[in-house]
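Q: no FASTA, just this:
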């Protein structure tokens, strides 16, 4: 039997939900349009990866994607999302995080490996329509989702202004925190 987290990280039917509070509230784990994991599922996965990152002693990369230059109908975005999954490894996870935005978690990948994956994703969907921004944690350092995601978003903004793909180099989060103090 697969664990609840395994179900969250794995591919799921569109209507699967996670029970929330005692009142029976539910969190949508899958985006109804694309079938991709939702932002709620991403929060659970990021928390789990943050806990496991020290044990794994491997970097974790984030690639953020945004459709640029065109408006897509729901069916077109669903098709793009399906094609974006083709070049992914079985343990890479793609999430829908906005109307025309995707976020890819790449456990065990540094920024250089993430660039290769992001390039394959862009090629699969037609690179001119999908900008990508990438950042990653450092092997052996804690994975701080919020920090790495912000850096990937900064790279995505640069990518939209340039050739469509940008990387913010990996940084030692603890060192950066110490410098800010």
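A: Nice, thanks for sending it over. Fair warning: this is a prediction, and the values are worked out from it, not measured in the lab. Residues are numbered from 1 along each chain as shown.

Q: assign the residue nearest to residue 101 when sequence neighbours are not counted to helix, strand or coil.
A: In this structure, residue 101 finds its nearest non-sequential neighbour in residue 66, 5.0 Å apart by C-beta to C-beta, 6 or more residues apart in numbering. For every residue, glycine as well, the C-beta is placed using N, CA and C. Following DSSP: H, G, I helix; E, B strand; the rest coil, we place residue 66 in the strand state.

Q: wait, residue 66 sits on residue 100?
A: Yes. With contacts counted by C-beta atoms under 8 Å, residue 66 reaches residue 100, the gap being 6.1 Å.

Q: the two: which has the busier surroundings?
A: Counting neighbours by other C-beta atoms under 10 Å for residue 66 and for residue 100 shows that residue 66 has the greater number, 20 against 16.

Q: partners of the more buried one in the sheet?
A: residue 101, residue 131 (DSSP bridges).

Q: got the contact list for it?
A: Contacts of residue 66 were listed using C-beta atoms under 8 Å, 6 or more residues apart in numbering, and they are 98, 100-102, 130-131, 156, 160.

Q: and for residue 152?
A: Contacts of residue 152 by C-beta under 8 Å, 6+ apart are 62-64, 103, 133-135, 168.

Q: farthest-separated two in those?
A: Put simply, by C-beta to C-beta the two of the contacts of residue 152 set farthest apart are 103 and 168, 14.6 Å from each other.

Q: pLDDT weak spots in this structure?
A: In the predicted model of the chain, residues 1-27, 163, 166-181 satisfy pLDDT under 70.

Q: which stretches of it form helices?
A: 4-9, 39-56, 74-84, 111-125, 145-161, 173-180 (DSSP state H).

Q: among those helices, which is nearest residue 32?
A: Nearest of the helices of the chain (C-beta to C-beta): helix 74-84, 9.3 Å.

Q: which elements pack onto the closest one?
A: In this structure, helix 74-84 makes packing contacts with strand 60-67, strand 93-98, helix 111-125, judged by 3 or more C-beta pairs under 8 Å, 6 or more residues apart in numbering; DSSP states H and E.
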